[in-house]
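**Student:** mind looking at a prediction? Sequence and model below.
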Amino acid sequence: MNDGTVLGPDGRPRCAWGLSAPDYTAYHDEEWGVPVHGDDALFERLCLEAFQSGLSWITILRRREGFRRAFAGFRIEAVAAFGDGDRERLLADEGIIRNRAKVDATLANARLLADWDPGELDALIWSHAPDPETRPAPVSFADVPAVTDASTALAKALKKRGVRFVGPTTAYALMQACGLVDDHLADCAARAGGLRVPEDQRPR
């Protein structure tokens, strides 16, 4: 096994970060790199990646339910209707990251996206997914980039349409999180969904 993966308690190899905390293990096994579709779902990921800027992802992950409560489940139309009172509520909410610029960008992006056609955000983001055949599986963390030409193009396309607080690094994190790219290491059992629990076997 190469240096980028470690054995989990079930004896299967995982990307090392996926075993660094229980919150990370569930996210690594079940979510990271799994394709995400739907405007609201992608809006949530876009917002959370923006809030993560300058912070560790686990900080956001541990507050995700708080974010969902605060931002009406990240339903674009609902957030677009937030007013000044909601803004003040958000800036006082200890369950989220109370960063004024990030809160304002989230509200502005919701108002913008509410005027887009259904499926338009999904189509724009996924139009920047690279051909997986051109991306060999990373062997070590040194092979996993922070920015790519595709993420730079995605950030540029979003900014051109008026979307705020998204740069090439944030865009690439979004691509990783939403399955536009699969950056699980070559030896990782989660690559291509190998650790996900089938729908009919998940706890109800």
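**Tutor:** Here it is on my side, so go on. Residues are numbered from 1 along each chain as shown.

**Student:** quick one: the strands in this protein?
**Tutor:** Using DSSP state E, the strands of the chain run over 5-7, 13-15.

**Student:** which one of those has the lowest average pLDDT?
**Tutor:** In terms of mean pLDDT, the lowest-scoring of those is strand 5-7 (a mean of 89).

**Student:** re earlier: okay, the strands of the chain in CSV with mean neighbour count and distance to Ala70 next?
**Tutor:** For every residue, glycine as well, the C-beta is placed using N, CA and C. Below are the strands of the chain laid out as CSV (neighbours: other C-beta atoms under 10 Å; distance: least, C-beta to C-beta, whole Å):
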stretch, mean neighbour count, distance to Ala70
strand 5-7, 18, 35
strand 13-15, 24, 30
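
**Student:** including distance to Pro145, could the ones you listed go into CSV?
**Tutor:** Listed next are the strands of the chain as CSV, based on distance: least, C-beta to C-beta, whole Å:
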stretch, distance to Pro145
strand 5-7, 18
strand 13-15, 15
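
**Student:** wait, which of those is closest to Thr169?
**Tutor:** Comparing those against Thr169 with C-beta to C-beta, the closest turns out to be strand 13-15 (18.9 Å).

**Student:** number of residues surrounding the nearest residue to Thr152 once chain neighbours are set aside?
**Tutor:** Distances taken as C-beta to C-beta, 6 or more residues apart in numbering place Pro168 nearest to Thr152, at 4.3 Å, with adjacent residues excluded. Pro168: 18 surrounding residues under other C-beta atoms under 10 Å.

**Student:** what's near enough to touch Pro168?
**Tutor:** Val147, Thr148, Ser151, Thr152, Leu154, Ala155 (C-beta atoms under 8 Å, 6 or more residues apart in numbering).

**Student:** what pLDDT is listed against the first one?
**Tutor:** pLDDT recorded at Val147 is 96.

**Student:** tell me how far the closest residue to it other than its chain neighbours lies from Asp149.
**Tutor:** In space, and not counting its chain neighbours, Val147 is closest to Pro168: 4.5 Å by C-beta to C-beta, 6+ apart. Pro168 sits at a distance of 9 Å from Asp149 (criterion: C-beta to C-beta, to the nearest Å).

**Student:** ok, now Ala72?
**Tutor:** In this view, Ala72 and Asp149 are 35 Å apart by C-beta to C-beta.

**Student:** settle it for me: which of those two has more neighbours?
**Tutor:** Between Ala72 and Asp149, counted using other C-beta under 10 Å, Ala72 has the larger neighbour count: 17 against 11.
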